[in-house]
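J.: Give me coordinates for this.
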Amino acid sequence: MAATPALTLLGRAYCHLCEDMKVALEPLRRDFSFTLHEVDVDADAALEARFGELVPVLMPGKPADLRADSSANAAPLCHYFLDEAATRVWLAAHGATRTAR
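T.: Residues are numbered from 1 along each chain as shown. Okay, the predicted model is just below:
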């Protein structure tokens with residue numbers, strides 16, 4: 001059985017766009033099986049330096065993947081606003097099972 005795909009939402013506690021992206025992901029959570037990890041970039045100096053004002057950023061993979069030198073997870077799926085089409089394509093390509101409606 002394949003592992004459930006993971007996405008990581010990088011944001012800040014006081015960021016309204018971060019909350020908006022989290023809300024925008026809800027329809028995808030109803031359509032696909034995946035794990036969503038949330039990370040506050042201000043809690044990690046390396047992530048804050050890397051992403052700065054780009055938050056929110058939706059990255060493929062788990063938070064630990066962001067700290068590794070992993071070319072598979074180097075590119076964000078989107079930032080500022082959810083790119084729903086690109087995220088759906090990524091989820092389908094990485095084995096996210098469709099949930100029953």
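
J.: contacts and neighbour counts: CA atoms only from here.
T.: OK.

J.: could you dump the lowest-mean-pLDDT helix or strand in the chain to PDB, C-alpha only?
T.: None of the helices or strands of the chain scores lower by mean pLDDT, DSSP states H and E than helix 63-67, at a mean of 81. Taking Å, rounded to 0.1, in the frame of the first residue of the first chain, the C-alpha atoms of helix 63-67 are listed here in PDB:
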ATOM      1  CA  PRO A  63       8.400  19.400   7.000                       C
ATOM      2  CA  ALA A  64      11.500  17.300   7.400                       C
ATOM      3  CA  ASP A  65      11.800  17.200   3.600                       C
ATOM      4  CA  LEU A  66      12.300  21.000   3.600                       C
ATOM      5  CA  ARG A  67      15.300  20.700   5.700                       C
END
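
J.: Can you get me a residue count around the nearest residue to residue 80 once chain neighbours are set aside?
T.: The shortest distance from residue 80 to any non-neighbouring residue, by CA to CA, 6 or more residues apart in numbering, is to residue 56 (5.1 Å). Using other CA atoms under 10 Å, residue 56 is surrounded by 28 other residues.

J.: My understanding was that residue 56 contacts residue 20; is that so?
T.: No - applying CA atoms under 8 Å, one finds residue 56 not in contact with residue 20, separated by 9.1 Å.

J.: Quick check: neighbours shared by those two?
T.: Listed as contacting both residue 56 and residue 20 by CA atoms under 8 Å, 6 or more residues apart in numbering are residue 81.

J.: pLDDT score for residue 83?
T.: Looking at residue 83, its pLDDT reads 98.

J.: tell me the contacts of it?
T.: residue 77.

J.: next one: the lengthiest helix in the chain to chain centre, how far?
T.: The residue-count maximum for a helix in the chain (DSSP state H) belongs to helix 16-31. Between the centre of helix 16-31 and the centre of its host chain there is 10 Å, according to CA atoms, centre = their mean, to the nearest Å.
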